[in-house]
Every structure is written in structure tokens, then in C-alpha cells.
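Q: Structure for the following, please:
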Amino acid sequence: MSPITNPFAPGAGTPPPELAGRDELRESLRIAIARAKIGRPAKSAMLVGLRGVGKTVLLDRVRADAEAAGFQTIRIEAPEGRSLPSILAPQLRQALLRLSQIEAARAFAIRALRALAGFAGKLKLTFGDIEVGIDYEPEPGLADNGDLEHDMQALFEQVGLTAKAADTVIVIFIDELQYVEEAQMAALITAMHRSEQRQLPIVLVGAGLPQLRGRMGDAKSYAERLFDFPFIGPLPPEAARRAIEKPLADESVSITPEALDHVLTLTQGYAYFLQQWGSHTWRAATQSPIRLSDVVSASATVIAALDESFFSVRFDRLTPKEKKYLRAMAELGAGPHRSGDIAACYGARVSSLAPTRSSLIVKGMVWSPNHGDTAFTVPMFDAFMQRKMSGIDWRES
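A: Next comes the predicted model:
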């Protein structure tokens, strides 16, 4: 079959041809945003889940839904090594400039832009990476105390008042939110709390690894009451089937039940892996229907591709001690595993491995589903580690 018409999209955050199994969550977020517009209580949401479940794709689809409904959106990613103010301020400026074109909101937008100027100017001393255009001179005393938590509250209040005057909602989308430092996370939570108290039309939709919930709770104890934390997991069997069958049917191609069942078994329902196996199986097949032998033939290629990209980009960031820790986890299976079991397999005391475990959590490689438990954040990483560090030499490394 022609590679040109291959319907599958196995990229990082690339929209799949069929976004299956996420309609209920999209609808709940649509309702929350619509409620915010009319001043009704609306909980913001944090989408949490492992790598490869489709959080980024879902985040972008919800953003498209919001824009189609006429709302203002901001989309940022929280990369490691940059401050939240530095990535948020330029996007807020663009949103405010758009709203300033609406007559009813113009005066509010100008005051919000003055608040932004004061916010960036004062915090430049703390966060040297803030770079934002200044359209109006700061208003003395408005978001310019130099205290991030206080100033972000004041800034969000002015942004919310502008959105309210414009009869719209500003929806802030932040991906990889787990990388935001705790003090900055606390400031963001406090600002959203103040906006909710004043019933201002600002909604935050974040996405991150499972440790995000705990990190937000550590930053502000009331975070779990302020936000919903829907867990984005593997697709249910019927949704996973549709994610493969519908794109094929749209190209007038079918797949045998045995072949489809094998794809679902291999991918465990994870959205990214479904796209990988779908794409490579399409390339391996010569005609419709796609057969079990096509899936088997494609699987070696899929695993090699995943090892070279999806898994290796994470493995290559690890220290030798971190690699050995993950290899010990892999020896025990997919997990989660007790810290004592990992230490026994590693050949060390639990206390001596605590810093290694902590650094792996910070890097987003593992998380703690329960006290004393450790689990991979990347599906199938246990099998990769066994392939990458095979034999028994790793124990002596």
C-alpha cells in the first residue's frame, strides 16, 4: 500500500486521524469553560498520565474546541530550565492586545498591559529570562511588588477583568506542567484561586506526568480542591479498536480480527504505540485486508524505531547510577515496585538510593503511585531497559 496515503501519525503530539475514547473529557471541559463565561463556578483541570497516552494531543484538541467556540486561548509548554513567568508573560501580552481591539474591553486591556509591564519589570531581577514587549508604562502599585505570588494574583485579576469586559474566557493551556518549580507553581495556583473567588473568566488546563498532582498539593494544600485531575490512561479496548479501524476504513482498507487483536495486545492501548504499530503495519502490508503476518512483520521495525527515538532520548539523559536503578526496576517487571525490592535487586541500601530515585522523579522517569512505591512514567520502559542493558553485567557496572 502506498506510504503517501498512510493514515497514521506517530509523532510527538501529532493529532491522530481518529481521537478515540476522549469525548467525555472534552465535553466536561467544554462545559467548564462555558460556565466560566457566565460567571458560574468552573473547576480548571490537570490532565495527568504516563508518556504516550495522548495528553498533548488532547490538550490541543480541547484548545481547538475552545477557539471554535470563540474563546481566547494561550498555549505554552513548561520546559526544564525556564521560568513560568518568562513563558507566560509574552502569551498574556498577545491575548491582551487581541482583547484591546474590542471596544468594551479596551480600557481594561490597557490597564492589564500596564500590570504586565510592572510584573515583568520588577520580576526581571528575580527571573532574568523574562523578555516581553512593553506597550504601556507600568502603573505604580499594580503587580509590581517584586513578590511573584502577590504580583501574579494582581496580574491575573486584571486579565480576568479584561476577559469579562470582552464577554469571553481566557483559557490557559500549559503542557509539561510538572517541570514548573514549586514556588512558581504555588504562585500559579494562588492566582487561579483568586480568579475563581472573584468569578473571573479564566480557566487553566494543564497536562503533566502523574507526579503533577502531588507536586501541586505540595505547593498549595488546597490545589486538589481547586482543580480536577482526570487520569489519562490507555484507551479502552473499543476505543483502541476504533483508533485503528476507522483510519483504515477511511482509506478503504480493512484489518482481520486476529491482526487487530494482536495490535491491541502489543500496544496495551497506549495512543502513541497504536499510531506506531498502525503506521509500520501499513508499510508492511501489501494489500487489504491487513493480516496477522503483516503485524508480526512490522513489530520488529516498530520496536527498533521506538528504541532509537522514544526510549533512547530519555535513556541518554540518565547518569550511570540512574540507568542501573531503572535496570533494577526492569528486572522486577513493569511495576510498580517497592523501594526495598529495587534496592535488593540493585545491591544497595534503600537510603543510599533515595537521591537517585529523587533525581529520576525530577527528570520525569519515575513516579510514586503510593508511598514507598516506584513506577515507570514511560510505558514498556522495563522491556527497553532489558534490551538495552542485557545480561548480568549491569549489576557490576
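
Q: mean confidence for stretch 230-250?
A: The pLDDT scores in stretch 230-250 average 94.

Q: Name the residues that touch it?
A: By CB atoms under 8 Å, 6 or more residues apart in numbering, the residues outside stretch 230-250 that reach it are 7-8, 16-18, 20-21, 25, 28, 45-50, 53-55, 58, 210, 254-255, 260, 263-264, 267-271, 274-275, 278, 282, 290, 379. Glycine gets a C-beta too; all of them are placed from N, C-alpha and C.

Q: so how far is stretch 7-16 off the chain centroid?
A: Centroid separation between stretch 7-16 and its chain, computed with CA atoms, centre = their mean, to the nearest Å, is 15 Å.

Q: Need the residues that contact that stretch.
A: Stretch 7-16 has contacts (CB under 8 Å, 6+ apart) with 17, 54, 56-57, 60-61, 243, 247-248, 250-251, 271-272, 274-276, 278-279, 282.

Q: next one: stretch 219-229
A: So stretch 219-229 is contacted by 28, 43-46, 48, 182-183, 185-186, 189-190, 192-193, 196, 204, 206, 212-213, 216-217 (CB under 8 Å, 6+ apart).

Q: quick one on the thing from earlier: from the contacts of stretch 7-16, list just the buried residues.
A: The neighbour-count criterion (16 or more other CB atoms under 10 Å) marks 17, 54, 56-57, 60-61, 243, 247-248, 271-272, 274-276, 278-279, 282 among these as buried.

Q: So which of those are in helices?
A: The helices, defined by DSSP state H, take in 56-57, 60-61, 243, 247-248, 271-272, 274-276, 278-279, 282 from these.

Q: now, among the residues you listed, which is nearest to residue 352?
A: Ranked by distance to residue 352 (CB to CB), those are led by residue 272 at 34.7 Å.

Q: Once you drop chain neighbours, what's closest to the closest one?
A: Spatially, and ignoring its direct neighbours in sequence, residue 272 is nearest to residue 52 (3.6 Å; CB to CB, 6 or more residues apart in numbering).

Q: wouldn't the one you found be in contact with residue 269 here?
A: No - using CB atoms under 8 Å as the test, residue 52 is too far from residue 269 to be in contact (10.5 Å).

Q: out of those two, which sits in the busier spot?
A: The neighbour count for residue 52 versus residue 269, taken as other CB atoms under 10 Å, is higher for residue 52 (23 against 20).

Q: Tell me how far that one lies from residue 313.
A: 13 Å (CB to CB, to the nearest Å).

Q: repeat for residue 337
A: 24 Å.

Q: likewise residue 114?
A: From residue 114 to residue 313 the distance is 42 Å (CB to CB).

Q: Which one's more surrounded, these two?
A: residue 114 (21 against 10).

Q: Might you report the residue contacts of that one?
A: Remark: with contacts taken as CB under 8 Å, 6+ apart, residue 114 is in contact with 136-139, 142.

Q: From these, list just the buried residues.
A: Among these, those classed as buried by 16+ other CB under 10 Å are 136, 138-139, 142.

Q: Most widely separated two among the residues you listed?
A: Once CB to CB is applied, the buried ones among the contacts of residue 114 give 136 and 142 as the farthest pair, at 11.0 Å.
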